[in-house]
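**Student:** Provided below are the primary sequence and the corresponding predicted coordinates.
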Amino acid sequence: MSLIVDVMSGGVRGGTSIMYAALGETVSERAGVINLGTEGSMLVGALSAYAISVETGSPWLGALAGAVAGGLLSLIHAYLVVERGASQFASGLSLLFLALGLTSLFGAAYVGQAAATFDQWDVPVLSAIPVLGPVLFQHDPLLYLSYLIVPVVWFTLFKTRIGLLVRTAGERADSLTVHGYSVKLLRTGAVTFGGMLAGLGGAHLSIAYANAWFENMVSGRGFIAVALVIFAVWNPFRVMGGAYLFGMAIALGPALQARGYQFNQFALDVIPFLLTLVVLAVLGKRTLSSSPAELKRVFENAAPT
C-alpha cells in the first residue's frame, strides 16, 4: 500500500470518532447551544463501550452503552445551561473535568483487559476497487454506520419539520415560543442527541480503532470536533470531509514511521492541533458571521470587552 493510500485510509479510520462527535456538536449548535464537554462525552462513551464489551462480549452492546453514557453527560449540560441558565462554556468545561475524573477512577480496572471489539469487514466487490477499496471499504461496521448517519443528520436538519424546529431554536427562538413550541425541550433534545453521537465516537475510538482503553485516550479529539463544526459551517457533509482531513493529520505520523522515516513523535502528535489553530485563525471570524443567531450571542457574550 502506498504512503498516500495508507494516510487516506488511516484518515478515514482516525477521523471517524471526530466525525461522530462533530456531527453531534453540529446538531447541538444548530439549536443554539455549544458544548465544550464534547470531549467528556467521548471519554465516558469510550470507557462505557469498552467496559460493557468486556463484561458482555458484545461490541454492539458496548457501542450502545457508549452512546447512552455520552448522552447522559450531555443531558446534565443541557439541564445546567437550558434550565438553570448557566454559562455554556463553564458548564461544558466543568463536565469535561468531571468525565476525566470519573473515567480515571472507574477505568483503571479495565486497563490491559481484552474486550470484544469490531473486526474489519471488507465490503464485497467494493473493497477490491483500487485506491477507493482500501480507503473506504476495508473498515469496521461502526465506521460504515457513519456513512449512513451523515446523510441522515443532514436530511433531518434541512428537510424535515423537526430539523426546522431545531434550526429555529438556534435562529429565532422567540418565534417558536409564539407558536407554542418549547425551546427548552428542543434544545435539551438536541444537546442530548449530540452527546449520544459524541459517545458513539468515543466507542469507535476504544472498541474499533485503538481496541484498548487507557486514561484520557480521547486526547483532545473532542476539542478538534468543536472547532471542526466552525470549519464546516455547521454542515454535516463538510463535517465529514473535515473529519477525514484531521484524521489524515493524525494518521500521517504512524504511516511515516511504519516506512522507517525518523521523526520526533511529539512533533507529529502536534500536527492535528496545529492544523486546528490554523483553520480557526483563517476561517474563524469569517464563519462566525454564518453561525446560528442564538449561538452568535453566546460567542459575543463571552468575548472580552
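**Tutor:** Sure, I can see it.
**Student:** now do the strands in the chain.
**Tutor:** Secondary structure of the chain by DSSP state E: the strands cover 121-122, 138-139.
**Student:** in its sheet, what does the first one sit against?
**Tutor:** According to DSSP bridges, strand 121-122 forms sheet pairs with strand 138-139 (antiparallel).
**Student:** hmm, who's touching the strand it pairs with?
**Tutor:** Outside strand 138-139, the residues within contact range by Cβ atoms under 8 Å, 6 or more residues apart in numbering are 9, 12-13, 120-123, 127. No exception for glycine: its C-beta is placed from N, CA and C like everyone else's.
**Student:** with respect to burial, which of the strands of the chain scores highest?
**Tutor:** Neighbour counts (mean count of other Cβ atoms under 10 Å) averaged over each of those peak at strand 138-139, with a mean of 21.
**Student:** now that one, how far from the centre of its chain.
**Tutor:** With Cα atoms, centre = their mean, to the nearest Å as the basis, strand 138-139 stands 20 Å off its chain's centre.
**Student:** cool, and stretch 195-214?
**Tutor:** In this view, stretch 195-214 has its centroid 10 Å away from the chain centroid, taken as Cα atoms, centre = their mean.
**Student:** for the contacts of strand 138-139, which one is nearest residue 179?
**Tutor:** Distance to residue 179, by Cβ to Cβ, is smallest for residue 12 among the contacts of strand 138-139, at 42.1 Å.
**Student:** count residues in the vicinity of the closest one, would you?
**Tutor:** Number of residues near residue 12 (other Cβ atoms under 10 Å) recorded here: 24.
**Student:** what separates it from residue 91, distance-wise?
**Tutor:** Per Cβ to Cβ, to the nearest Å, residue 12 is found 33 Å from residue 91.
**Student:** in a markdown table: the strands of the chain, plus mean pLDDT and distance to residue 34.
**Tutor:** Shown next, in a markdown table, are the strands of the chain (pLDDT from 0 to 100; distance: least, Cβ to Cβ, whole Å):
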| stretch | mean pLDDT | distance to residue 34 |
| --- | --- | --- |
| strand 121-122 | 94 | 36 |
| strand 138-139 | 96 | 30 |
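**Student:** out of these, which gets nearest to residue 31?
**Tutor:** Among those, strand 138-139 sits nearest to residue 31 (Cβ to Cβ), with 30.8 Å.
**Student:** return the residues in contact with residue 6.
**Tutor:** 251, 255, 258.
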